[in-house]
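Enquirer: Everything below, folded, please.
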Amino acid sequence: MTLNGWIQIAIYFVVLTALVVPLGRFMASVFQGERTFLTPVLGPLERGLYRVAGVDETREQTWITYTVAMLLFNAAGFLCVYALMRLQSFLPLNPAGMSAVAPDLTFNTAVSFATNTNWQNYGGESTLSYLTQMVGLTTQNFVSAATGIALAVALIRGFARASAKTVGNFWVDLNRCTLYILLPLSIIAAIFLVWQGVPQNLGAYVDATTLEGAKQTLSQGPAASQIAIKQLGTNGGGFWNANSSVPYENPTPLSNFVEAIYILLISAALTHTFGRMVKDERQGWALYAVMSILFLAGLVVCYWAEGSGNPQFAALGLDPSNMEGKEVRFGIANSSLWAVATTDASNGSVNSMHDSFTPLGGMIPMLNIQLGEIIFGGVGSGLYGMLLMVIIAVFVAGLMVGRTPEYLGKKIEAKEVKMSILAILMLPLGMLCFTAAAVVLPFGVSSMANAGPHGFSEALYLYTSQTGNNGSAFAGITGNTLWYNTTGAIDMLIGRYFIIIPMMAVAGSLVAKKTVPASTGTFPTHGGLFVGLLVGVILIVGGLSFFPALALGPIVEHFAMMAGQLF
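Expert: Sure thing, here's the model as predicted:
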């Protein structure tokens, strides 16, 4: 650990916090249908799209209709990606002559991008054509991100409205999010990345001769446009196999900083959007404070663990800090920052290999996902996941003082609590059940390259990442098998839609409730006491769900490393 590293981390957090208000205010205006500085340019396009699609922007939907529209739209996206991957050998924009992708890998990948997971059991530069990358994956990067944000806005309306029946119009929210938020920010980022040296072309792969006289093939492609939205939309899928550790994807320290900001930008700003839409900005800042506390705590532990490294090296007179699996141009500080940010969000991109982190350093990314990726979280999904935790927290507070729990003037009753708990329990169900099967069944164990606690950690991380819709990996497991492709796809569906449906039921229940005026007995939910309570509830819920399994892997590895033992 160095002073320089801490300064870089501090600059990152200050810049991120400074962007929360302007972007959060802008997004609130967009979703409330207010005029913005982009309206004169994009307004006619927006209305034209409604006419083509036959959408009445003034007609809102109940929570059931909203949810069904979302599910049908996501199913159509899945089918489009599946068809592109299976037929890409017959389609244009395939200069490298990529063949059709195997059915089980296609299924896993199509589910992955539809659910905003972007888990990759393939190398992009060796598997997919330009057409598949652009029309299939990049399009899903936009619409899966817009879907998550739209769902979060629907839940916000549940708290903001009183005695209503509707939570908005999915098609309008999806359209506005894509046009006014994701597209402009992605265009800015893509131009910036091209300036930094990221390819954006349709040229064929280039053969080069190295200084040693060997032949090397340099892959090309429309990368900058996909990388921009993969970070902004917390998608994370790499155009190249090694993701953001590849100089083509992440050429400079400046590109590394901007991409890392983009990972958390919208998720952080949505807390302010929430505060403005419920007419109490203090509520948004309370959620941002909770997310920041958990983010910084994880970052401190991860940076300390990677900076301290292996004490056995120090005994030999070597630098103990852990640079294994890290880019020298980024170092330990930026690698730790990226690892924590990408797993706090459901992003999954990597600029270093998490499998090479120290046991405790690697435990933090895994724990971040297992908490539900609500520490900022995915765009939209992080906010609605956090609001489900808020419902549990105010329920606990109500039990402690003997009052009916309230949040933002809405009575929190049995239905909201049951639906919230149901959504939260879906994560350990998917993560732990398939992990248990994978570490005992022959077709699961046969793919593992490591035995002992670390092999268990790799399997647990694999299913944790897919159920948590993250997409990063510990590696060490051959994931491109029928077993892992199929079970992983099932986990991604569980982690996305088995949380969305009960969450939308909560939105539908809340929007119909009357607003109850605050009284002297109302528990304030914008101060330090509530922030502390919510942090505690998140850690307790996460700990009860995952700590026994987590302890078997990284913590055992840590003590083994300290003792100098080998597994």
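Enquirer: middle-most residue in the protein, spatially?
Expert: Centrality entry for the chain: nearest residue to the mean C-alpha point is residue 346, 1.1 Å, by C-alpha atoms, centre = their mean.
Enquirer: Now do the contacts for that residue.
Expert: For residue 346, the contacting residues are 116-117, 234, 236, 369, 373, 377-378, 381-382, 468-471, by C-beta atoms under 8 Å, 6 or more residues apart in numbering. Where C-beta positions appear, they are placed from N, C-alpha and C, glycine not excepted.
Enquirer: Adding neighbour count and distance to residue 167, write the residues you listed out as JSON lines.
Expert: Listed next are the contacts of residue 346 as JSON lines, based on neighbours: other C-beta atoms under 10 Å; distance: C-beta to C-beta, whole Å:
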{"residue": "116", "neighbour count": "33", "distance to residue 167": "20"}
{"residue": "117", "neighbour count": "32", "distance to residue 167": "25"}
{"residue": "234", "neighbour count": "38", "distance to residue 167": "23"}
{"residue": "236", "neighbour count": "30", "distance to residue 167": "28"}
{"residue": "369", "neighbour count": "28", "distance to residue 167": "28"}
{"residue": "373", "neighbour count": "28", "distance to residue 167": "23"}
{"residue": "377", "neighbour count": "30", "distance to residue 167": "20"}
{"residue": "378", "neighbour count": "34", "distance to residue 167": "20"}
{"residue": "381", "neighbour count": "32", "distance to residue 167": "16"}
{"residue": "382", "neighbour count": "29", "distance to residue 167": "19"}
{"residue": "468", "neighbour count": "31", "distance to residue 167": "25"}
{"residue": "469", "neighbour count": "33", "distance to residue 167": "22"}
{"residue": "470", "neighbour count": "32", "distance to residue 167": "27"}
{"residue": "471", "neighbour count": "31", "distance to residue 167": "28"}
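Enquirer: Please identify which of these is nearest to residue 100.
Expert: Closest approach between these and residue 100, by C-beta to C-beta: residue 117, at 22.3 Å.
Enquirer: Surely the closest one is within a helix?
Expert: No. Secondary structure assignment (DSSP: H, G, I helix; E, B strand; the rest coil) places residue 117 in coil, not in a helix.
Enquirer: Just to check, it is in contact with residue 467?
Expert: No. With contact defined as C-beta atoms under 8 Å, residue 117 does not reach residue 467; the gap is 9.0 Å.
Enquirer: and for these two, which residues touch both?
Expert: In contact with both residue 117 and residue 467: 492, 495, using C-beta under 8 Å, 6+ apart.
Enquirer: Do a quick rundown of the strands in the stretch 201-350 of the chain.
Expert: Here the stretch 201-350 of the chain has its strands, by DSSP state E, counting those that start in this stretch, at 206-209, 215-218.
Enquirer: I'd like those strands laid out as TSV, including distance to residue 151, mean neighbour count and mean pLDDT.
Expert: Converted to TSV, these look like this (distance: least, C-beta to C-beta, whole Å; neighbours: other C-beta atoms under 10 Å; pLDDT from 0 to 100):
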stretch	distance to residue 151	mean neighbour count	mean pLDDT
strand 206-209	42	9	89
strand 215-218	40	10	88
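Enquirer: quick one, which of those strands is nearest to residue 84?
Expert: Ranking the strands of the stretch 201-350 of the chain by distance to residue 84, with C-beta to C-beta as the measure, places strand 215-218 first at 23.7 Å.
Enquirer: quick one: which of the contacts of residue 346 is nearest residue 485?
Expert: Nearest to residue 485 among those, with distances taken as C-beta to C-beta, is residue 117, at 13.0 Å.
Enquirer: Identify the residue nearest the closest one in space, chain neighbours excluded?
Expert: Closest residue in space to residue 117, ignoring its immediate chain neighbours: residue 469 at 4.3 Å, by C-beta to C-beta, 6 or more residues apart in numbering.
Enquirer: Next, format the strands of the stretch 201-350 of the chain as TSV and append distance to residue 336.
Expert: TSV is the format used below for the strands of the stretch 201-350 of the chain (distance: least, C-beta to C-beta, whole Å):
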stretch	distance to residue 336
strand 206-209	33
strand 215-218	30
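Enquirer: and of those, who's closest to residue 12?
Expert: Closest among these, once you apply C-beta to C-beta, is strand 215-218, at 31.3 Å.
Enquirer: What lies in contact with that closest one?
Expert: Contact with strand 215-218 is made by 205-210, as judged by C-beta under 8 Å, 6+ apart.
Enquirer: Sheet-wise, list the partners of that strand with their directions.
Expert: Strand 215-218 has the following strand partners under DSSP bridges: strand 206-209 (antiparallel).
Enquirer: Farthest pair within the contacts of strand 215-218?
Expert: Using C-beta to C-beta, the two most remote members of the contacts of strand 215-218 are 205 and 210, lying 15.5 Å apart.
Enquirer: Settle it for me: which of those two has more neighbours?
Expert: Neighbours were counted for residue 205 and for residue 210 using other C-beta atoms under 10 Å; residue 205 has more, 12 against 8.
Enquirer: Torsion angles phi and psi at that one?
Expert: phi -60, psi 150 (degrees, to the nearest 10).
Enquirer: distance of it from residue 219?
Expert: For residue 205, the distance to residue 219 equals 5 Å [C-beta to C-beta, to the nearest Å].
Enquirer: Now the common contact residues for the two.
Expert: residue 96.
Enquirer: So which of the strands of the stretch 201-350 of the chain is nearest residue 133?
Expert: Smallest distance to residue 133 across the strands of the stretch 201-350 of the chain (C-beta to C-beta): 16.6 Å, for strand 215-218.
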